[in-house]
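Chemist: sequence below, structure please.
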Amino acid sequence: MGSNDFDPLERPAHDAMVPGFWMDAYPVTVAEFGAFAEATGYATVAEVPMGTHHQRPGSMVFHSTSRRVDRSDPRQWWKFVPGASWRSPAGHSSTLVGLDKDPVVHVAYEDAAAYCAWAGKALPTEAEWECAARGGLDSKVYAWGDDFSPRGRLKANTWQGEFPLQNLLSDGYLWTSPVRTFASNKFGLYDMTGNVWEWTEDLIRGEGLGSPPCCTPAEVDYGDGDSSSPRHVVKGGSYLCSENCRHYRPAARYGQPGRIPACHIGFRCVVRSRPGSRDG
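Modeler: Numbering: from 1, shown residues only. Coordinates of the predicted model:
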């Protein structure tokens with residue numbers, strides 16, 4: 001796990017062992033989360049008022065800038081948008097048309113955990129997630145090797161160009177992409193790189209919070225206390241990760257407040273082997 005070559009929060013690289021488990025082949029989709037919401041009547045964190053500062057329901061949405069900006073200040077591209085939720089990803093006027101097979105977004109940690117419990121599964125630990133993402137290539141930078149775009153081919157939905165000003169769309173996507181659009185890793189798992197960051201069970205530990213301002217709205221002042229909620233490790237990078245951060249690596253990690261959903265964070269589930277069973 002981890003890396004000695006990039007973000008300090010990933011250090012040191014170290015051995016880890018996990019029991020046998022199964023993992024969803026791709027992130028939970030809009031259609032799958034919709035089935036859960038319809039069956040249970042569940043309302044996500046983004047669908048209820050977020051606190052004293054934001055009386056209206058909503059979530060964090062990325063907006064590209066019109067000029068070069070100081071990338072240390074995420075308030076220039078992250079905005080709280082009233083009405084934004086998994087049902088309306090960009091706000092009140094947006095819809096889910098054409099997004100059924102895309103990963104669900106605007107889900108807080110508790111929303112993801114609720115879905116997993118309903119499905120008889122669980123969120124992965126960070127070690128499980130990273131083991132799965134590496135696909136057996138334990139010494140490689142990316143899930144497929146050391147070259148980000150082998151033979152010039154892009155292998156994940158990420159940001160190409162100058163963040164947050166210009167996305168060249170070389171991979172064909174400005175927003176999320178349908179799951180399984182890009183090839184799987186050697187374990188048959190899709191979208192372990194890019195598309196959406198994914199929640200894990202683990203709380204962030206170590207010095208610093210590991211919250212890259214280009215990727216996360218965690219440091220935006222909400223004024224309602226939600227930004228101080230326990231921070232869980234998210235993994236995998238998203239369609240907003242660029243060469244500025246290179247968080248589309250299996251070792252990459254940061255701590256996202258559990259009660260702050262955003263337009264680039266989703267999840268997938270695992271089922272763990274029972275001790276002593278032949279299933280493992």
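Chemist: use CA for all of it now, contacts and neighbours both
Modeler: Will do.
Chemist: ok, how many other residues are close to Ala35?
Modeler: 12 (other Cα atoms under 10 Å).
Chemist: now it: how far from Ala114?
Modeler: Note on Ala35: its distance to Ala114, by Cα to Cα, to the nearest Å, is 13 Å.
Chemist: ok, now Phe163?
Modeler: In terms of Cα to Cα, Phe163 sits 33 Å off from Ala114.
Chemist: go on, Val196?
Modeler: 19 Å.
Chemist: for Trp77, which non-adjacent residue is spatially closest?
Modeler: Leaving aside its sequence neighbours, Trp77 sits nearest to His63 (Cα to Cα, 6 or more residues apart in numbering; 4.9 Å).
Chemist: what's the neighbour count on the one you found?
Modeler: Other residues lying near His63 total 14 when counted by other Cα under 10 Å.
Chemist: try Ala183
Modeler: That count, for Ala183 with other Cα under 10 Å as the rule, works out to 14.
Chemist: so for it, what's the pLDDT?
Modeler: Note for Ala183: predicted pLDDT of 96.
Chemist: so Glu32, which state does it fall into?
Modeler: The local conformation at Glu32, judged by DSSP: H, G, I helix; E, B strand; the rest coil, is helix.
Chemist: also Ala117?
Modeler: helix.
Chemist: how close does Arg180 get to Asp138?
Modeler: Taken as Cα to Cα, the span from Arg180 to Asp138 is 22 Å.
Chemist: show me the contacts for Asp202.
Modeler: Thr125, Glu126, His232, Val233 (Cα atoms under 8 Å, 6 or more residues apart in numbering).
Chemist: could you rerun that using 10 Å?
Modeler: Going by Cα atoms under 10 Å, 6 or more residues apart in numbering, Asp202 touches Leu123, Pro124, Thr125, Glu126, Ala127, Arg231, His232, Val233, Val234, Gly255.
Chemist: same check on Thr200?
Modeler: Applying Cα under 10 Å, 6+ apart to Thr200 gives the contacts 109, 112-113, 122-129, 232-235, 267-269.
Chemist: please flag which of those residues sit within helices.
Modeler: Judged by DSSP state H, the subset of these located in helices is Tyr109, Ala112, Ala113, Glu126, Ala127, Glu128, Trp129.
Chemist: buried sites along stretch 257-275?
Modeler: Across stretch 257-275, burial judged by 16 or more other Cα atoms under 10 Å covers 257-272.
Chemist: quick one: mean pLDDT for it?
Modeler: Across stretch 257-275, the average pLDDT comes to 92.
Chemist: before we move on, the earlier item: who has more neighbours, Phe163 and Ala114?
Modeler: Neighbour tally, Phe163 and Ala114, criterion other Cα under 10 Å: the higher count belongs to Phe163, 22 against 18.
Chemist: is the more buried one in contact with Gln76, as I believe?
Modeler: No: here Phe163 does not reach Gln76: they are 11.6 Å apart, not a contact under Cα atoms under 10 Å.
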